[in-house]
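**Student:** can you look at this prediction? I've put the sequence above it.
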Amino acid sequence: MTIQDIYDILNAYAPFSLQESYDKSGLLVGYPKQQVKTVLLTLDITTSVVIEAANKNADLILAHHPVIWEPLKSVSPEHPVWHLIRYQIGAICSHTCLDIAEGGLNDYFGDLLNRNIPMIPERLPLATLSPGRVLGRVANLVQPTDAYSLAEMLRSALNCSNLRYYQGKNAGLIRRIAWCTGSGGDLIREAIRAGADALITGDCKHSVWADAHNLDFTLFDCGHFETEIPVVDLFRKI
């Protein structure tokens, strides 16, 4: 296979055209016609990940987070791109397009949750960005639960020991949940409008916790890494 072949497979599954305007998904480093025998899958492309790929004779790294975010004014050994070029390893990053796509990371994350937190099969979009572009999901639980019990189930499902949550003071049992992988704390109001009793996400800023308090809404921060590391298994599936 070539880098272009793998790019085309990813583009068919989660079109790069779905990505947010600020995103940098796509082939960020490499030559489309380069032959590929080994691919390394990761959440982030750090220098140590590139060295690992080189030691494993990988020709391509497939990552969720873009290895190039801001325009590079120079390339030095302190940046992973320098090492990608040095070892002639390509880099394809599938970020917000994979978050948005049907069957993408948010759906895969929901499947993962469902193993420990049974949900009604029907899922609805949490936020509609534009026609055909939705972010996050909403679903009803088979068995209503309280915030403490849901937190314990999330810790087990995601193996996240540092989970934090805020329980609304007037919150009753949680019957309907919303989720968005990564940093989705700014979707609290969308979750409320969708009828959710709680939002599950990661990487919540101080202002997000203040919003949860002001809106008396239950919020779970399971960590940016913990909610997105399942992308490695999703890449393998694709």
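**Tutor:** Good, I have the coordinates. Numbers count the residues shown, from 1 in each chain.
**Student:** which parts of the chain are strands?
**Tutor:** For the chain, applying DSSP state E gives strands covering 26-29, 39-42, 60-63, 90-93, 124-130, 133-145, 164-166, 174-183, 198-202, 218-221.
**Student:** of all these, which one is nearest H79?
**Tutor:** strand 26-29 (10.9 Å; C-beta to C-beta). C-beta: built from backbone N, CA, C; applies to glycine.
**Student:** and R155, how many neighbours?
**Tutor:** 16 (other C-beta atoms under 10 Å).
**Student:** now it: how far from L163?
**Tutor:** 5 Å (C-beta to C-beta, to the nearest Å).
**Student:** quick one: low-confidence parts of the chain?
**Tutor:** Scanning the chain with the threshold set as pLDDT under 70 gives no residue ranges.
**Student:** mind doing that once more with 90?
**Tutor:** 130-132, 161, 168-172 (pLDDT under 90).
**Student:** name the residue most distant from the centre of it?
**Tutor:** Relative to the C-alpha centroid of the chain, counting by C-alpha atoms, centre = their mean, N170 is the outermost residue, at 30.4 Å.
**Student:** contact partners for that one?
**Tutor:** Residues in contact with N170 (C-beta atoms under 8 Å, 6 or more residues apart in numbering) are D216.
**Student:** roughly how far apart are it and R189?
**Tutor:** Counting by C-beta to C-beta - N170 and R189 are separated by 17 Å.
**Student:** likewise for D221?
**Tutor:** According to C-beta to C-beta, D221 stands 17 Å off from R189.
**Student:** compare the two (neighbour count), which wins?
**Tutor:** In this view D221 and R189 are compared by other C-beta under 10 Å, and D221 has more residues nearby, 26 against 13.
**Student:** please name the residues that touch the more buried one.
**Tutor:** Counting by C-beta under 8 Å, 6+ apart, D221 makes contact with L163, R164, Y165, G185, T201, G202, D203, C204.
**Student:** tell me which of those is nearest to V138?
**Tutor:** Using C-beta to C-beta, T201 comes nearest to V138 of the contacts of D221, at 12.6 Å.
**Student:** that closest one: neighbouring residues, count only.
**Tutor:** T201 - counted by other C-beta under 10 Å - has 27 other residues nearby.
**Student:** who is it paired with across the strands?
**Tutor:** Applying DSSP bridges to T201 gives these bridge partners: D221.
**Student:** correct me, but L234 touches A101?
**Tutor:** No: between L234 and A101 there is no contact under C-beta atoms under 8 Å: 10.4 Å.
**Student:** now V50: closest residue in space that isn't a chain neighbour?
**Tutor:** H83 (4.1 Å; C-beta to C-beta, 6 or more residues apart in numbering).
**Student:** now do P125
**Tutor:** Leaving out its chain neighbours, the residue that sits closest to P125 by C-beta to C-beta, 6+ apart is V134, at 3.4 Å.
**Student:** ok, the one you found to L72 distance?
**Tutor:** From V134 to L72 the distance is 32 Å (C-beta to C-beta).
**Student:** could you do E78 as well?
**Tutor:** 11 Å.
**Student:** try L163
**Tutor:** To L72, L163 is 36 Å away according to C-beta to C-beta.
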